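Asks: Mind folding the following:
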Amino acid sequence: MSNNSDKTILVTGASGGIGRAIAVEAAKAGYYVICHYNSGAERAQETLDLIKSEGGNGEIVKFDVRNREECREILNKITEEKGPLWGIVSNAGITRDNVFAAMKGDEWDDVLRTDLDSFYNVIQPLVMPMARRSNKRGGRIIVISSITGIIGNRGQVNYSAAKAGIIGAAKALAMELASRKITVNCIAPGLIETDMIKGIIPEMYEKIVESIPMNRVGKPEEIASLAVFLLSEESGYITKQVISVNGGME
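Replies: Just a heads-up that it's a prediction; the model follows:
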């Protein structure tokens, strides 16, 4: 792995689960990690403490990925202070599961605003500074989607729509930024051991695990290791890809 000591990245939703694992592993690889959170300041601080305990460095920043003006204001300030970012990991997301026939408007809106609108709200203010970088062109954008955005899932029409939407957005953005040596890729996790799956009833959980060819759920670190590779200079010819990490689920 090349020396990343001068490279700053932003990881949204870094207070736990996949985001925390990516933030910690990226810091181990030498990146300065800006760890975003919106709620759960203590958990975000725990992520930063983990980073520092491993010899890494970073900071925490609070903003609401659904609030376009707040995102722009804070992200512009980050660019002014740190310069153009090397990498963005758009990971923040929520679920509000319900069968579509009974799905409430706010269950639809909350998920689309957090999981899909954040693609624009977070990435758009950071793209032009990255693209205008004169002495060191290039950069990495990673979007965390989901297997649900590829194959769909009962009770997750809202989540599936959002996660499929960011796949399309990422592919289009990859084409726009390729000439600037900025890569844009999606990681589509399957069932991963995070707080998001704790609400699954045991019987359903067992059936899901049985449907996975590897017969187990994934670990956040298994997503993080891929993300760190995609952040690296060595991944510079990989763009517009959706890489599934799902134990063989179809």
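Asks: Nearest the middle, which residue of this structure would you pick?
Replies: Residue closest to the average C-alpha location in the chain (CA atoms, centre = their mean): N91, at 2.1 Å.
Asks: What's the mean pLDDT across the longest helix seen in the chain?
Replies: For the chain, the helix reaching the highest residue count under DSSP state H is reported as helix 157-177. The predicted model gives helix 157-177 an average pLDDT of 98.
Asks: chain center to it, what's the gap?
Replies: 12 Å (CA atoms, centre = their mean, to the nearest Å).
Asks: got it, and stretch 147-161?
Replies: That offset, for stretch 147-161, works out to 17 Å (CA atoms, centre = their mean).
Asks: Only the C-alpha atoms, please, for that stretch, written as PDB.
Replies: Taking Å, rounded to 0.1, in the frame of the first residue of the first chain, the C-alpha atoms of stretch 147-161 are listed here in PDB:
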ATOM      1  CA  ILE A 147     -27.800  -6.400  -2.300                       C
ATOM      2  CA  THR A 148     -31.400  -5.200  -1.700                       C
ATOM      3  CA  GLY A 149     -30.700  -2.500  -4.400                       C
ATOM      4  CA  ILE A 150     -29.900  -5.200  -6.800                       C
ATOM      5  CA  ILE A 151     -32.400  -8.000  -6.100                       C
ATOM      6  CA  GLY A 152     -35.000  -6.300  -4.000                       C
ATOM      7  CA  ASN A 153     -36.500  -7.500  -0.700                       C
ATOM      8  CA  ARG A 154     -39.900  -7.900   0.800                       C
ATOM      9  CA  GLY A 155     -40.800  -5.100   3.200                       C
ATOM     10  CA  GLN A 156     -38.000  -2.900   1.800                       C
ATOM     11  CA  VAL A 157     -39.500  -1.200  -1.300                       C
ATOM     12  CA  ASN A 158     -38.300   2.200   0.000                       C
ATOM     13  CA  TYR A 159     -34.800   0.900   0.900                       C
ATOM     14  CA  SER A 160     -34.500  -1.000  -2.400                       C
ATOM     15  CA  ALA A 161     -35.500   2.100  -4.300                       C
END
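Asks: Tell me how many other residues crowd K82.
Replies: 15 (other CB atoms under 10 Å). The C-beta positions use only the backbone N, C-alpha and C, and glycine is treated the same way.
Asks: Please shift the residue numbers so they start at 490 in all later answers.
Replies: Understood, numbering begins at 490; the last thing we discussed is K571.
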